[in-house]
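Colleague: Only the shape, not the letters, is given here:
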């Protein structure tokens with residue numbers, strides 16, 4: 001139970017709002033936004049009304065457990081402003097990405113900015129609209145401290161939100177970040193009219209890339225076969241609800257994409273390509289997505305480059 005409002009969500013976008021709505025089933029929840037211009041219904045979640053148990057605020061809540069639902073590329077600036085006030089609490093990162101400026105994951109950014117905090121990660125196959133409407137959803141809760149992870153798992157699980165626990169923070173974060181990159185590539189294939197067979201090949205070889213990069217960064221071998229890797233990849237690479245997939249579709253069609261929509265995979269692809277090149281990790285799909293995001297190549301050139309790669313064993 002969230003007795004006394006001991007849980008709050010920082011970030012009133014679609015996903016943060018959806019988490020607040022779901023967690024309200026357990027008790028009072030605070031929902032923080034820098035500039036909240038709506039009341040009752042978030043325009044990003046039409047048809048979803050905030051329960052009475054959710055209190056909206058523009059002042060940082062005094063909760064012991066804070067879910068940080070700030071986009072990955074905005075997290076550094078957010079911590080510059082608020083790290084001192086967050087330190088010493090349980091901070092649960094809900095962002096999926098790698099910071100382009102530093103090459104660090106959200107959990108690493110939190111840990112470095114708030115050294116006295118307990119840092120965890122909440123990620124997995126989920127759309128905000130599904131969570132907010134109470135549809136069954138399973139996520140992964142990663143925390144290096146097993147006892148803290150166990151407490152958070154029970155505190156943040158609800159009748160419709162089932163959390164599985166792990167201590168592999170690195171693997172869980174990379175699964176959530178890298179699947180967005182592959183989803184862009186899958187969307188580009190569909191947008192360009194290359195068909196579902198091409199998408200299946202991209203998803204399969206993309207998952208091999210994800211696993212290879214995660215292993216090189218110290219992740220446990222089996223983590224990416226779970227919810228935060230394979231599960232999230234399946235969802236994101238096959239549904240138009242995914243912003244990253246839609247962004248890829250737009251690239252494939254040669255269309256513009258709304259710049260106001262957050263597409264974490266575009267920045268993550270650039271960060272991953274840079275790290276992979278420096279560390280000698282083979283990431284051809286991610287490198288091409290980075291090229292697409294930077295408008296250095298088009299989809300036709302990207303597919304030609306992939307198909308021209310040397311034949312090899314699977």
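Modeller: Received it, and whenever you're ready, just let me know what you need. It should be emphasised that the depicted structure is a prediction, and the values quoted were computed from it without experimental measurement.

Colleague: Could I get the contacting residues of the residue lying closest to residue 203 once chain neighbours are set aside?
Modeller: Using CB to CB, 6 or more residues apart in numbering and skipping the chain neighbours, the partner closest in space to residue 203 is residue 237 (5.0 Å). C-beta: built from backbone N, CA, C; applies to glycine. Remark: with contacts taken as CB atoms under 8 Å, 6 or more residues apart in numbering, residue 237 is in contact with 179, 182, 183, 186, 187, 199, 202, 203, 206, 245.

Colleague: Output the residues you listed in a markdown table, with pLDDT appended to each entry.
Modeller: Listed next are the contacts of residue 237 as a markdown table, based on pLDDT from 0 to 100:
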| residue | pLDDT |
| --- | --- |
| 179 | 98 |
| 182 | 97 |
| 183 | 98 |
| 186 | 96 |
| 187 | 96 |
| 199 | 95 |
| 202 | 95 |
| 203 | 97 |
| 206 | 96 |
| 245 | 97 |
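
Colleague: Scan these and report the most crowded one.
Modeller: When neighbours are counted by other CB atoms under 10 Å, residue 179 leads these with 33 neighbours.

Colleague: can I assume that residue is in contact with residue 236?
Modeller: Yes - Residue 179 lies in contact with residue 236 (CB atoms under 8 Å); the separation is 5.3 Å.

Colleague: Just the element for the residue minimising distance to the centre of the chain, please.
Modeller: What sits nearest the mean C-alpha location of the chain, by CA atoms, centre = their mean, is residue 96, with 2.3 Å. Element membership for residue 96, per DSSP states H and E: none, as it lies in no helix or strand.

Colleague: Quick check, it in contact with residue 72.
Modeller: Yes - using CB under 8 Å, residue 96 makes contact with residue 72 at a distance of 6.6 Å.

Colleague: and for those two, which residues touch both?
Modeller: Contacts common to residue 96 and residue 72, judged by CB under 8 Å, 6+ apart, are 177, 264, 268.

Colleague: buried sites along the host helix or strand of residue 153?
Modeller: For residue 153, the element it lies in under DSSP H and E is helix 146-156. The neighbour-count check on helix 146-156 (16 or more other CB atoms under 10 Å) flags 149, 151, 152, 153, 155, 156 as buried.

Colleague: mind checking the SS state of the residue nearest to the last one when sequence neighbours are not counted?
Modeller: Nearest non-adjacent residue to residue 156, counting by CB to CB, 6+ apart: residue 163, 6.0 Å away. With DSSP: H, G, I helix; E, B strand; the rest coil as the basis, the three-state label of residue 163 is strand.

Colleague: Likewise for residue 120?
Modeller: Taking three-state DSSP, the label given to residue 120 is strand.

Colleague: Report the contact partners of it.
Modeller: 90, 91, 92, 93, 107, 141, 142, 143, 148, 149, 152, 169 are the contacts of residue 120 under CB under 8 Å, 6+ apart.
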